[in-house]
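Undergrad: Sequence and computational prediction follow.
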Amino acid sequence: MPFKAASRALQKASLPRWVLLLSLSTALVVVLELFALPASLLVGPMIAAIFLALVVGKGQMRVPYWPVQFGQALVGLMMARAITPDILATMAKDAPLFMLVIVSVIAVAAVLGYLLTRLQVLPGTTAVWGSSPGGASAMVIMSEAYGADARLVAFMQYLRVVFVCVAASGVSRLWVAADGGEPPPLILFPPIDWPAFATTVLLACCCIYATFRFRVQGGTIILPLLAGSLLQGFGLLTIELPMWLLAISYALIGWSIGLRFTRSILKHAARALPRVSASILLLMSICGLMAVALHQFAGVDPLTAYLATSPGGADSVAIIAASSDVDLPFVMAMQVGRFVMILLTGPMLARFIARKSGLAENPA
């Protein structure tokens, strides 16, 4: 059969398989970018790796461990770069309002994750991490550190990113005379501030060392985020992350997830798709009601309120907000504040829901 012949051919040599994976990943990223789909630099390589994992077979290809850890640390620094003094000032100005909305969104997402866990739609705490309305890549990385199935978490997170991106673009076009926020073209090789770049890489390496020296769970994301945001806030660091380096990091993370997919995992994801989609749409609807409340009781303009409460896809929401007539610091402060809160509470929520559901924290 053609499928078996392709499988035998791919198993003969390692280098051709990696060349094929790189080529297929590049082609998918280009296609996703042409359609302005979010997270293309991670989703493209992940889809390519899933395809090859199904052809080659489980365990035939594996991404080296330490480069993946370095890529995760760079993602943490990328998140830290978004926490600017302007955003912190906006959060401090309306702290009670921000806390109310942020805690409400997280609580609703946790309840939906609990229901999916109780219904055994997904194993263990996977549904909790998949429902978390934080940064998708960070949630996938942290979920694995805390025992969830990163493959199914990625399925839930990026499905929601697509839903939120499409909805936010549509609402933006409906409410304002904007084009929906076309993303800027990718500039892989921008000018680099070399001293800042060297300092950024050094900080990433130090955070990785500290993570394993002190056994910090999820530390490859949390430590760079905390250290980077603090040093940046005090003016001691300029986080320099050229797009080519981020593209490599995203590809490594996407491959490390995708190469572990099996046919049984894909079948499980397909069976869960209707209920997962329903939970995403319900979360988006409730967040929309929160946006209405922000407009009615806090005087926030409708589009700003909607984008601020959108559950996830912060990078896509930022692109749309930047090209629309909205309060951009308010939108980003709400998105970043929720992401930081999820980082702090995610492991605790996962353990709590696992106990309440009577399930083991580590999925079978």
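TA: Alright, I've got the coordinates. Keep in mind the model is a prediction, meaning the values are calculated, not measured.

Undergrad: Pull out the buried residues from the helix or strand residue 285 falls within.
TA: Assigned by DSSP states H and E, residue 285 falls within helix 263-298. By 16 or more other C-beta atoms under 10 Å, the buried positions in helix 263-298 come out as 265, 268-269, 272, 276, 279-280, 283-284, 286-288, 290-291, 293-295. (Glycine included, C-beta is placed from N, CA and C.)

Undergrad: Okay, now the unreliable bits of this structure?
TA: Applying pLDDT under 70 to the chain flags the ranges 1-13, 36-39, 57-60, 169, 172-186, 313-316, 318-320, 322-324, 358-364.

Undergrad: if you set the cut-off to 50 instead, what comes out?
TA: Residue ranges of the chain with pLDDT under 50: 1-3, 6-7, 9-13, 177-181, 360-364.

Undergrad: okay, which residue is most central for it?
TA: When C-alpha atoms, centre = their mean is applied to the chain, the residue found nearest the centroid is residue 136 (1.6 Å).

Undergrad: Report the spatially nearest residue to that residue, omitting neighbours in sequence.
TA: Counting by C-beta to C-beta, 6 or more residues apart in numbering, residue 136 lies nearest to residue 157, which is 3.9 Å off, once chain neighbours are set aside.

Undergrad: can you tell me the helix or strand for the one you found?
TA: Counting by DSSP H and E, residue 157 is part of helix 150-175.

Undergrad: just checking, next helix/strand downstream of that helix?
TA: That would be, after helix 150-175 and using DSSP H and E, helix 194-213.

Undergrad: picking up where we left off before, got a list of what the residue nearest to residue 136 touches?
TA: By C-beta atoms under 8 Å, 6 or more residues apart in numbering, the contact list for residue 157 reads 130, 132, 136, 139, 140, 312.

Undergrad: ok, of the residues you listed, which one's closest to residue 260?
TA: The shortest approach to residue 260 among the contacts of residue 157 belongs to residue 140, at 11.9 Å (C-beta to C-beta).

Undergrad: Can you give me the neighbour number for the closest residue to the closest one other than its chain neighbours?
TA: In this structure, residue 140 finds its nearest non-sequential neighbour in residue 154, 4.8 Å apart by C-beta to C-beta, 6+ apart. As a burial measure, residue 154 scores 29 neighbours (other C-beta atoms under 10 Å).

Undergrad: Residue 154 and residue 260, how far apart?
TA: Distance from residue 154 to residue 260, counting by C-beta to C-beta, to the nearest Å: 10 Å.

Undergrad: Check the contacts of residue 157 and tell me the two furthest apart.
TA: Checking the contacts of residue 157 with C-beta to C-beta, the most distant pair is 140 and 312, at 12.0 Å.

Undergrad: and the angle for the host helix or strand of residue 109 with helix 263-298?
TA: If you go by DSSP H and E, residue 109 is part of helix 95-118. Per axes from the mean of the first three to the mean of the last three C-alpha atoms, to 10 degrees, the angle that helix 95-118 makes with helix 263-298 is 150 degrees.

Undergrad: Any idea how far helix 95-118 is from the middle of the chain?
TA: 17 Å (C-alpha atoms, centre = their mean, to the nearest Å).

Undergrad: Which positions in it come out as buried?
TA: 97-98, 101-102, 105-106, 108-117.

Undergrad: so who does residue 257 touch?
TA: 46, 49, 140, 150, 151, 154.

Undergrad: could you redo the last one with a cut-off of 10 Å?
TA: Neighbour list for residue 257: 42, 45-46, 49-50, 53, 63, 68, 137, 140-141, 144, 150-151, 153-155 [criterion: C-beta atoms under 10 Å, 6 or more residues apart in numbering].

Undergrad: Just the CA coordinates for the helix or strand containing it, please, in CSV.
TA: Secondary structure assignment for residue 257, by DSSP H and E: helix 243-258. Taking C-alpha atoms only, helix 243-258 is exported to CSV below (Å, rounded to 0.1, in the frame of the first residue of the first chain):
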residue,chain,number,x,y,z
MET,A,243,11.8,37.0,14.7
TRP,A,244,14.1,34.3,13.2
LEU,A,245,15.0,33.2,16.8
LEU,A,246,11.3,33.2,17.8
ALA,A,247,10.5,31.2,14.7
ILE,A,248,13.0,28.6,15.6
SER,A,249,11.7,28.4,19.2
TYR,A,250,8.1,28.1,18.0
ALA,A,251,9.1,25.3,15.5
LEU,A,252,10.9,23.3,18.2
ILE,A,253,7.9,23.5,20.5
GLY,A,254,5.5,22.7,17.8
TRP,A,255,7.6,19.7,16.6
SER,A,256,8.0,18.4,20.2
ILE,A,257,4.2,18.4,20.6
GLY,A,258,3.2,17.2,17.2
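
Undergrad: Any buried residues in whatever helix or strand residue 353 lives in, and which?
TA: Applying DSSP H and E as the criterion places residue 353 in helix 328-357. Neighbour-count burial for helix 328-357, counted by 16+ other C-beta under 10 Å, picks out 328-343, 345-347, 349-350, 353-354, 357.

Undergrad: give me the number of residues near residue 24?
TA: Neighbours of residue 24 (other C-beta under 10 Å): 17.
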